[in-house]
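Asks: Model the following, please.
(one chain, ligands or ions: 2)
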Amino acid sequence: MINSMATHVVAGEPEGQPATGIPFFSVRDIHSYYGESYIVQGVSFDIFEGEIVALLGRNGAGKTSTLRTIARTDSPELKRGEIWLAGQELHSMRSHDAARAGVQLVPEERRIIPGLTVEENLILSQVAEPKGWEFARIYEYFPRLAECRKQEAVTMYGSEQQMLVVARALARDLKLLLLDEPYEGLAPVIVQEIERIVAGVKDLGITTIIVEQNAFAALKLADKAIILDMRQVVFQGSAREVLDNEELCHEYLAI
Ligand SMILES: Nc1ncnc2c1ncn2[C@@H]1O[C@H](COP(=O)(O)OP(=O)(O)OP(=O)(O)O)[C@@H](O)[C@H]1O
Ligand SMILES: [Mg+2]
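Replies: Ligands and ions are numbered 1, 2, ... in the order given. Here you go, the predicted model:
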């Protein structure tokens, strides 16, 4: 790790934040394991409501594992630390309770259910309370999904599938959206389309953590950046600071 890039925490409260300064979402010194493998090694960060955070770092840095820990999947297992969302203790929840509390993880592999139409995929996302957006609102926001509502979802283009998984998250009571590599495997022209979806999520004021290999694309949208290396946070600051710091971009982000 480059010394000058030791974890840097922005002093004071970001502009426009409430006077109390209590973050909407907080990860405090989390440690998680796949079996005996110690993977997330003391990660901490705070996010204010409505912020978009780019969680970046090289392959194997621990980005997916951090998202999975936040979403409280069984693996990796959280053994130490706290995770708070709007006053709720996620660290003492299992994944279904975390989902109920408003954490929606969109994994890299998207997990669209084969054999089901677009609409059936949406219906399935609302089998458990609490519900989020009504379908009418979803279809108004994503007219392309309305057109394809009767189509088998796995036969749609990658960008449309990405739209569907974001729509599925909106159909739940969404407080924190976790996007793992939404641009993965998509052609550059399609990436622009997904960028519009994520920018839309930002306009809606939904607090989002986006993990991306395409760091530049993520930083363009993000307010804040967190860089992981060797499964620990090595930088926290504004997205602008990262884009302006050639050494940081080169060392950790291959841009
Ligand atoms: N199921 C697993 N069992 C054991 N080790 C795992 C498992 N999944 C990931 N790891 C290890 O945990 C470390 C972090 O992996 P993780 O997938 O979180 O990284 P990442 O930053 O998301 O990487 P990438 O950019 O490749 O997606 C890696 O060393 C990886 O080999
Ligand atoms: Mg990953």
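
Asks: and Gly35, how far is that from ligand 1?
Replies: 7 Å (C-beta to the nearest ligand atom, to the nearest Å). (C-beta placed from N, C-alpha, C; glycine too.)

Asks: Pull up the pairing partners for the helix or strand where Asp29 lies, direction included.
Replies: According to DSSP states H and E, Asp29 maps onto strand 25-34. Strand pairing for strand 25-34, determined by DSSP bridges: strand 37-47 (antiparallel), strand 77-85 (antiparallel).

Asks: Could you give the average pLDDT over the first one?
Replies: Computed over strand 37-47, the mean pLDDT rounds to 97.

Asks: For this structure, what lies in contact range of ligand 1?
Replies: Taking C-beta under 6 Å from any ligand atom as the contact definition, the chain meets ligand 1 at Tyr34, Ser37, Ile39, Gly57, Asn59, Gly60, Ala61, Gly62, Lys63, Thr64, Ser65.

Asks: neighbouring contacts of the strand holding Asp29?
Replies: By C-beta atoms under 8 Å, 6 or more residues apart in numbering, the surrounding residues in contact with strand 25-34 are 38-47, 65-66, 69-70, 75-86, 91, 176, 207.

Asks: In ChimeraX, how would I select the buried members of those?
Replies: Those of these that count as buried under 16 or more other C-beta atoms under 10 Å are selected in ChimeraX with:
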select :39,40,41,43,44,45,46,47,65,66,69,70,76,78,81,83,84,85,91,176,207
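
Asks: what residue is smack in the middle of the chain?
Replies: Centroid-nearest residue in the chain, with C-alpha atoms, centre = their mean: Leu178, separated by 2.2 Å.

Asks: So in terms of bridging, what pairs with that residue?
Replies: Leu105, Ile209.

Asks: now it: how far from ligand 1?
Replies: Distance, Leu178 to ligand 1, using C-beta to the nearest ligand atom: 12 Å.

Asks: List only buried entries from the residues of the chain next to ligand 1.
Replies: Buried subset of the residues of the chain next to ligand 1 (neighbour count, 16+ other C-beta under 10 Å): Ile39, Gly57, Ala61, Gly62, Lys63, Thr64, Ser65.

Asks: For those residues, work out which two are farthest apart.
Replies: Ile39 and Gly57 (12.8 Å; C-beta to C-beta).

Asks: Which one of the strands paired with strand 25-34 lies nearest to Ala187?
Replies: Using C-beta to C-beta, these put strand 37-47 closest to Ala187, at 30.6 Å.

Asks: And the helices in the stretch 151-255 of the chain, which stretches?
Replies: Taking DSSP state H, counting those that start in this stretch as the test, the helices found in the stretch 151-255 of the chain are 158-171, 188-203, 215-221, 239-243, 246-248.

Asks: so which of those helices is the most packed in?
Replies: Counting by mean count of other C-beta atoms under 10 Å, helix 158-171 has the highest mean neighbour count of those, with a mean of 23.

Asks: that older thread, next up, the contacts around the residue nearest to the centre of the chain.
Replies: Residues in contact with Leu178 (C-beta under 8 Å, 6+ apart) are Leu67, Ile70, Ala71, Val103, Gln104, Leu105, Val106, Thr208, Ile209, Val211.

Asks: Run a quick neighbour tally on Gly115.
Replies: 8 (other C-beta atoms under 10 Å).

Asks: hang on, it in a strand?
Replies: No. Secondary structure of Gly115 (DSSP: H, G, I helix; E, B strand; the rest coil): coil, not part of a strand.

Asks: From ligand 1, how far off is it?
Replies: Distance, Gly115 to ligand 1, by C-beta to the nearest ligand atom: 27 Å.
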